[in-house]
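Peer 1: Quick one, structure for this:
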Amino acid sequence: MRIAFDVLPLIGCRMTGIGYCEAGQIQALAQLHPEDEFLLQFFSRKDEHIKIERLAPYLRDNMKPHWAKASGYVYRLVSNFLPVSYRHFFGDRAQVTHFFNYIVPPNVAGKKIVTVHDMVYKTFPETVRGRTKYMLETGLKKSMKRADRIVTDSEFSKQEIIRYFPQFADKIRVVYCGVDQERFHPVTDAAAIAAVKEKFSIGGDYFLYLGTLEPRKNLERLMEAYAQFANGKHNPPQTGARRRKGLAGQRHL
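Peer 2: Residues are numbered from 1 along each chain as shown. Now for the predicted structure:
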């Protein structure tokens, strides 16, 4: 089988949670199914060698880059309103194409799968960036209609999608996010733990928030919860925040 992935979340300057989610899935599929062929599809008006370098960790004998010489931003913007064919750029090679970031463009070859992570733009629209909210308001319903399967991260998200788009309930499947156990696992080496705590000036116990710094992450509520937790404690754990790429620095709450 020939399976394509839209790898836009993997080729940007900074990966977010959607990118890490896609990276784990495509690496696992390539290892589990060496008999299949995988295409990493992306648009590139110029400098595609930079994007291919960013895809290098995922390339293997059965996983190859496949790009179209065009602006992905312009295509996404125009195809949200006009039926500009995705097949025109990427042809008919793929039997299945998976889009990890909500939107399935028009006229994609083969079966279409889309990951819809949540309905935050509906439930808390004030926390979503204007451009993102606009693209979802104008494009998500059409995207889910085009899709043969809709994947989401949790049973809660599934019920939220059904709440707003009940007509697509039969298409939805829950696929829980996995864990990269090579990167995330308990550390028992006391010297290694002490070295990291010294590097980041952590004297004792601590809480760490890991994620992007956006209004929809509801960090105000997290700070309120910590304040209640720390109230009256003589020496509460330190707090910090870490971005998806690089340390954001100690952010005392």
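Peer 1: Please identify the helix or strand for Pro65.
Peer 2: Assigned by DSSP states H and E, Pro65 falls within strand 63-68.
Peer 1: Output the contacting helices and strands for that strand.
Peer 2: strand 37-43, helix 48-55, helix 87-90 (3 or more CB pairs under 8 Å, 6 or more residues apart in numbering; DSSP states H and E). To be clear about C-beta, it is placed using only N, CA and C from the backbone, and glycine gets the same treatment.
Peer 1: closest to Met63 out of the ones you listed?
Peer 2: Set against Met63 and scored by CB to CB, the helices and strands packed on strand 63-68 come closest in strand 37-43, at 4.2 Å.
Peer 1: Give the other helices and strands that the closest one contacts.
Peer 2: Strand 37-43 packs on strand 2-6, helix 8-11, helix 17-32, helix 48-55, strand 63-68, helix 72-79, going by 3+ CB pairs under 8 Å, 6+ apart.
Peer 1: Give me the sheet partners of that strand and which way each runs.
Peer 2: Next to strand 37-43 in the sheet, as set by DSSP bridges, lie strand 2-6 (parallel), strand 63-68 (parallel).
Peer 1: what mean pLDDT does the last one have?
Peer 2: Same thing as strand 63-68. The average of the pLDDT scores along strand 63-68 is 95.
Peer 1: Just send the helices and strands packed on strand 63-68 back as TSV, with mean pLDDT and mean neighbour count too.
Peer 2: Listed next are the helices and strands packed on strand 63-68 as TSV, based on pLDDT from 0 to 100; neighbours: other CB atoms under 10 Å:
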stretch	mean pLDDT	mean neighbour count
strand 37-43	96	21
helix 48-55	93	15
helix 87-90	96	16
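Peer 1: Confirm that Val151 sits in a strand.
Peer 2: Yes - assigned with DSSP: H, G, I helix; E, B strand; the rest coil, Val151 falls within a strand.
Peer 1: Now do it against Lys145, distance only.
Peer 2: Distance of Val151 to Lys145, given as CB to CB, to the nearest Å: 16 Å.
Peer 1: Leu136 now?
Peer 2: 14 Å.
Peer 1: So for these two, which sits in the more crowded spot?
Peer 2: Leu136 (20 against 12; other CB atoms under 10 Å).
Peer 1: List the contacts of stretch 40-58.
Peer 2: Applying CB atoms under 8 Å, 6 or more residues apart in numbering, the external contacts of stretch 40-58 come out as 4-8, 10-11, 23, 26-27, 30, 59, 63-72, 75, 89-90, 94, 97.
Peer 1: Strands along the stretch 151-253 of the chain, start to end?
Peer 2: Counting by DSSP state E, counting those that start in this stretch, the stretch 151-253 of the chain has strands at residues 172-174, 206-210, 238-242.
Peer 1: Now do the second one: which elements does it pack against?
Peer 2: Helices and strands touching strand 206-210, by 3+ CB pairs under 8 Å, 6+ apart, are helix 219-230, strand 238-242.
Peer 1: and these as CSV, adding mean pLDDT, mean neighbour count and distance to Lys197?
Peer 2: What follows is these, written out as CSV (pLDDT from 0 to 100; neighbours: other CB atoms under 10 Å; distance: least, CB to CB, whole Å):
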stretch, mean pLDDT, mean neighbour count, distance to Lys197
helix 219-230, 89, 13, 19
strand 238-242, 63, 18, 10
